[in-house]
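# 3D, please:
(2 chains)
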Protein chains: 2
Amino acid sequence: MYSTLREHIEKIMPLTDEEFAFVEKHFSFKKFKKHQFMVQQGELVPYNYFLLFGLTKLVYTDPDTDKEYILAFAMQDWWDNDFQAYYTKTRASFSMVCLEDTQALCLSLDDFTALRAGLPKIEHFFLEKVMAGFLSAQRRILSMMTSNAQQRYEQLLAQHPSLAQRLPKTQLAAYLGVSRETLSRLSE
Amino acid sequence: MYSTLREHIEKIMPLTDEEFAFVEKHFSFKKFKKHQFMVQQGELVPYNYFLLFGLTKLVYTDPDTDKEYILAFAMQDWWDNDFQAYYTKTRASFSMVCLEDTQALCLSLDDFTALRAGLPKIEHFFLEKVMAGFLSAQRRILSMMTSNAQQRYEQLLAQHPSLAQRLPKTQLAAYLGVSRETLSRLSE
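Numbering: from 1, shown residues only, chains lettered A, B, ... in the order given. So this is what the prediction gives:
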C-alpha cells in the first residue's frame, strides 16, 4: 500500500529508499466503511488523508435545515480533508464521508510537521500538490460564479470522467446544486 | 522596497543576508497606474505579483455580456494573480486590474523555478502562502454555496476590515454579486 504513495510522490520528485522509509513511517493505514465519517463537522480533525482506494465526499450540512452542500469529491491518489480545520487545529466546518468502502494513509499534523522538518525537500512535493488544489479551487469559484448547472456538469465530465461515472446520481445532483430530476435532464 | 518582502518572508522563516540577496535578485519592481491591467484576460501572464502598495481586483469579464465577476481583491503584503495561467503558461481566464495606483515586486515563472532550485528552503515559505490561499478559496466556496449577500458582506468585514473600507462600493457590490442598491441596504 505504501508503494502507491511512493509512486504518487515520485511523479513529482525522486526519493531514495532511505528518504521514502522516513516518509512512510509518518503515515498510518486505516480502513473505513461506506457511510463512515472520516471527518465530522464540528469535531477536531486528527489526520490528513491520502486515499488509496474508495470514494469520499466533503460536505457541509446546514444545522438548521439539514440540507447538504457538497464541496468536493475525492478518490484514489487524491488528498482530501477539511484542510482549514486540520491545519489550524480547529473544529471542522465540513464532514468527509465515505461513499464507498475506503482505504487511506493518514498523516497527523504533528507528523506532517516532523516530516517537513526532517526531510525539507518533501516541501517541494507538498508545494506542488497544494498549488494544484488551490488552482482547482480558483477554477471552481469562477465556475460557480459564471456557469449554470449544465455547464458545471460538462466541466466535471471533462475534468474527471472516471469520477463522474462512479458518483451516485443523488450526490452528483447535490454537488451541482440541482434536483435529481434536473440532473436527469442534464445527463440525457 | 525589498525590505517589505524580507519582513513578509521572515514572518514565516528567517533568512540570512546572503539568502535574502539571492531571493531579491529574482524579483523586479514595477509601478502601475489606477485602471491599468497587470494581467489581461486572454493573454499570457509573465509575472506573479507581490503587492507593496495599492489595491487590485481579479475579475472575469463575460465576453458575451461584458458583465464583470470579481473573484478577489488584493492589497499590500498580498500575492495576487491568475495563478493557473501563470503557473501553467496558459492564457489568463481573469484580468488583474488596479483600483488604485499600485506598486509590486514581480517574479517570472523562470525566476520562481530558479529561486526554488537555488534556495530549496524557500519552498517552506511558499508552501505556507499557497496553503493559506487554498484555505481561503475553500472557505470562499463554502460561503458562496451557503451564505446570502448579507452574510458574505459580514464575513468580508470580519476577515478584512481595512480592505472592505477601501473598496469602491461598485466593486464591493460586484464581488458580492448584488446591485449597488442592495449593497446600500446591507451596509446600513
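# all contacts plus neighbour counts: C-alpha atoms, from now on.
Will do.
# Please identify the helix or strand for the residue of chain A at minimum distance from chain B.
The minimum distance from chain A to chain B, using Cα to the nearest Cα, falls at A:Phe134 (4.5 Å). Counting by DSSP states H and E, the element that carries A:Phe134 is helix A:122-146.
# what's the burial count for the closest residue to the residue of chain A closest to chain B other than its chain neighbours?
Once flanking residues are discounted, A:Phe134 sits nearest to B:Phe134: 4.5 Å by Cα to Cα, 6 or more residues apart in numbering or on different chains. Using other Cα atoms under 10 Å in any protein chain shown, B:Phe134 has 23 neighbouring residues.
# So which residue is smack in the middle of chain A?
Nearest to the mean C-alpha position of chain A, counting by Cα atoms, centre = their mean, stands A:Asp80 at 2.3 Å.
# if I read this right, it contacts A:Leu52, doesn't it?
No. Look at A:Asp80 against A:Leu52 with Cα atoms under 8 Å: they stay out of range, at 11.5 Å.
# Strands of chain A, residue ranges please.
A:27-32, A:37-39, A:47-53, A:55-61, A:68-75, A:79-80, A:95-98, A:102-108 (DSSP state E).
# quick one on the thing from earlier: excluding sequence neighbours, find me the nearest residue to the residue nearest to the centre of chain A.
A:Tyr49 (5.7 Å).
# Around chain B, pick out the residues from chain A.
A:60, A:69, A:71, A:83-84, A:120-121, A:123-124, A:126-127, A:130-131, A:133-135, A:137-138, A:140-142, A:144-146 (Cα under 8 Å from any Cα of the partner chain).
# Okay, buried residues for the helix or strand of chain A with the lowest mean pLDDT please.
Least confident helix or strand, chain A: helix A:180-186 with a mean of 86, by mean pLDDT, DSSP states H and E. Buried residues in helix A:180-186, counted by 16 or more other Cα atoms under 10 Å in any protein chain shown: A:Leu183.
# B:Val130 is in contact with A:Met131, correct?
Yes. If you go by Cα under 8 Å, A:Met131 and B:Val130 touch, sitting 6.2 Å apart.
# how near is A:Met96 to B:Ala74?
31 Å (Cα to Cα, to the nearest Å).
# give the contact list for the residue nearest to the centre of chain A.
Contacts for A:Asp80 (Cα atoms under 8 Å, 6 or more residues apart in numbering or on different chains) come out as A:48-51, A:58, A:74.
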